[in-house]
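>>> build me a structure from this.
(chains A and B)
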Amino acid sequence: MSEPAASAERGFWDRLPPSLRPLDVELKGAGNIRLVETTLMILVAIILAVATVNDVVRQTGVNNRLNVDKQTWRAYTGRNYHNVGVETTVFGIASTRDVVCGNTVAGPPDGKTQECLLVVGPIRAGRRQVLGGWYVPAYIQHNDYAYRYGCFGSATKGLCAR
Amino acid sequence: MESGSAPARARSERMPAAPAWLLGGLLLAALLEISIDAASGHSPIVPRSPNIDGWLSGLGEHLGFRIFLIALLVSCGAYAGMLALWTFARERAISKRFVIGLIALVHLILFVGPVILSTDVFSYIAYARMGVLHGINPYTHGPLSIAGDPIFHDVGQDWVRTATAYGPVYTLLSYPIGWLGLVGGLFAMKLEATLASVATLVLLWRCAKLRDLDPMFALLAVALNPIYYLYGLGGSHNDLIMLAAMMFAVSLTLAQRPGARREGEAAAVIVAGALIKATLGVLLPFMIISRRRLAPILGTLVALAAGALIAFIAFGVHGVDIVAALNRDAALVSTDSFATEIAHLLGKPGVFPVDHALLKAGLVVIFLHLLWRTWRGYDWIAASGWTLLAISVTSTWLLAWYTLWPLPLAVISRDRRLFVATLSIQSLFVVHQLAPLALPVK
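Alright, predicted model coming up:
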């Protein structure tokens, strides 16, 4: 329902068919429209709720994996550096194969030659499996294929340009 | 619900029931925890900032996601409890004085505490300083053009190259703040947000009374909404000024003796508000269609002409071209947007251009449906609220304070579904923040 709107030009609108004329107050038959609207809104709400919960579960899994990936990199390389970067979408959003990179010697984040590890599999004892890795020069994006070199390990064939 | 005899009413006015004290105490405790911890320094939740809260530092610990999220959940619980308490027990449980005191305390704590959850306020100050101290047009350059200015380091890294997306009225309003220095400027922005919030709440009370709705419920529902005060006030967002303009315009149309002049003024206020933040402009078609008079159209045209002239004189052609800024922002994607969540649900890495087009088309359909409903007598205030809610839901760039846009309209609309829908969207937003809580504690 609306506030009583002034309708000085009512005569003008009266030329329209009744079903098209403007109204100051909704007709009682509007209940059907409300029913359709409410049904649609409930459907949308369900979709949004499912999407939200799915995203929270996904984020939780990814966040947990990120922490484990960093720990795995530190344990594997023996370098206890704070700034270790993890790329989770190199192999697609649904993939759990991550690329974890950190400096080979102490320095600013990405400021030295990077050692990147390909980390896969489930979490066991706070670690994941390292299948191999590669190196990239300083200040290069981790997953930039053209700059990767020195690939090592079983599953990195074809992942290095050099 | 009647509250009993006059002496009993007077007694309840002085002494709220224990649940109200408990809920109010929880809400304040959560807010104090956030503010005191935030004063300990920069964190992912607390942006770098000029030092305005040194007197609070040392009292708390570094504010991480876990503490913040627990405090947010406590605030949400207290808010829901307050609404339920008022709905079922009214004056027997909560007095007006108690609620107003609580709201005043919330505003005071956020005014003296640090900026939280957003760097936007530093962008506002940077644009003001660009204009008044450096002679640079904020509509053509980003804060990077004043990289030597001390405010530059506080601007969010994503925005340093971005020219202002705010309307020319807001930019001109903020210009005097550019002369106040960093600390003075920040407090001026906080004061501006606080005053805008108070104005919004006063107008909300007035609108609810004019519509024969419960003004206390309206006040509680907006002022103690955690997203309103934590994200909106806590970040000193200019959305609060937009909300104040919105409620002023609505109050003009609800005046006891509405007339052509009032409606023209209301339309002009909406235009002025849209020249602060363009989103407010969506109210105009609904107001014009519901009134079906010449006055709001004339008010719109006069205000638009005046605004465009002022913007052109102050900022040149770029200050007038709000559409370009809107298009630029519409292309952004945030991880909190429902579009991104649905993309993830469908196994896609994110939002693609075709998704932008589909969302825009959906928004247009909703807008046209609501226009038609308003033409056929539906409450124009509710229709405006639904549109603002639809904009936030379909936006690929959803931020917490965008979910505030429909809230004041929702509590004074005649369609209670809007209030339920707005709170549901806000609840989903809060749920989406909770992932860090599921991680093991280090």
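>>> does B:Met242 touch B:Lys277 like I think?
Yes - the pair B:Met242 and B:Lys277 passes the contact test of C-beta atoms under 8 Å, sitting 4.2 Å apart. C-beta: built from backbone N, CA, C; applies to glycine.
>>> buried stuff in stretch B:193-201?
Residues of stretch B:193-201 classed as buried by neighbour count (16 or more other C-beta atoms under 10 Å in any protein chain shown): B:193-194, B:196-201.
>>> what do you get for stretch B:360-378?
In stretch B:360-378, counting by 16+ other C-beta under 10 Å, buried: B:363, B:366-367, B:369-371, B:373-378.
>>> report the two of those separated the most.
In terms of C-beta to C-beta, the buried residues of stretch B:360-378 reach their longest pairwise distance at B:Leu363 and B:Gly377, which sit 23.1 Å apart.
>>> so which bits of the lowest-mean-pLDDT helix or strand in chain A are buried?
The weakest-scoring helix or strand in chain A, judged by mean pLDDT, DSSP states H and E, is helix A:10-13 (a mean of 73). Within helix A:10-13, no residue is scored as buried using 16+ other C-beta under 10 Å.
>>> that helix near chain B at all?
Yes - among the residues of helix A:10-13, A:Trp13 lie within reach of chain B under C-beta under 8 Å from any C-beta of the partner chain.
>>> whichever helix or strand comes after that helix packs against which elements?
Note on helix A:10-13: by DSSP states H and E, the next helix or strand toward the C-terminus is helix A:31-77. Secondary-structure packing of helix A:31-77 (3 or more C-beta pairs under 8 Å, 6 or more residues apart in numbering or on different chains; DSSP states H and E): strand A:85-87, strand A:98-103, strand A:114-124, strand A:127-136, helix B:338-345, helix B:416-432.
>>> name every strand pairing with the shortest one and say which way it goes.
Next to strand A:85-87 in the sheet, as set by DSSP bridges, lie strand A:98-103 (antiparallel).
>>> centre of the chain to the partner strand, how far?
From the chain centre to the centre of strand A:98-103 is a distance of 19 Å (C-alpha atoms, centre = their mean, to the nearest Å).
>>> repeat that for stretch B:290-310.
With C-alpha atoms, centre = their mean, you get 25 Å for stretch B:290-310.
>>> please apply the same query to stretch B:337-352.
25 Å.
>>> and that stretch, end to end?
End-to-end distance of stretch B:337-352 (C-alpha to C-alpha, to the nearest Å): 13 Å.
>>> cool, and stretch B:327-338?
Start-to-end, stretch B:327-338 (C-alpha to C-alpha) is 19 Å.
>>> any regions of the chain where pLDDT drops low?
Because you didn't say which chain, this covers chain A. A:1-10, A:29-30, A:141-143, A:155-156, A:161-162 (pLDDT under 70).
>>> that answer is for a different chain, and I need it for chain B
For chain B, the stretches with pLDDT under 70 are B:1-16, B:256, B:258, B:440-442.
>>> near chain A too, which of the buried residues of stretch B:360-378?
Within the buried residues of stretch B:360-378, those near chain A by C-beta under 8 Å from any C-beta are B:373-378.
>>> what about B:Val317, neighbour count?
10 (other C-beta atoms under 10 Å in any protein chain shown).
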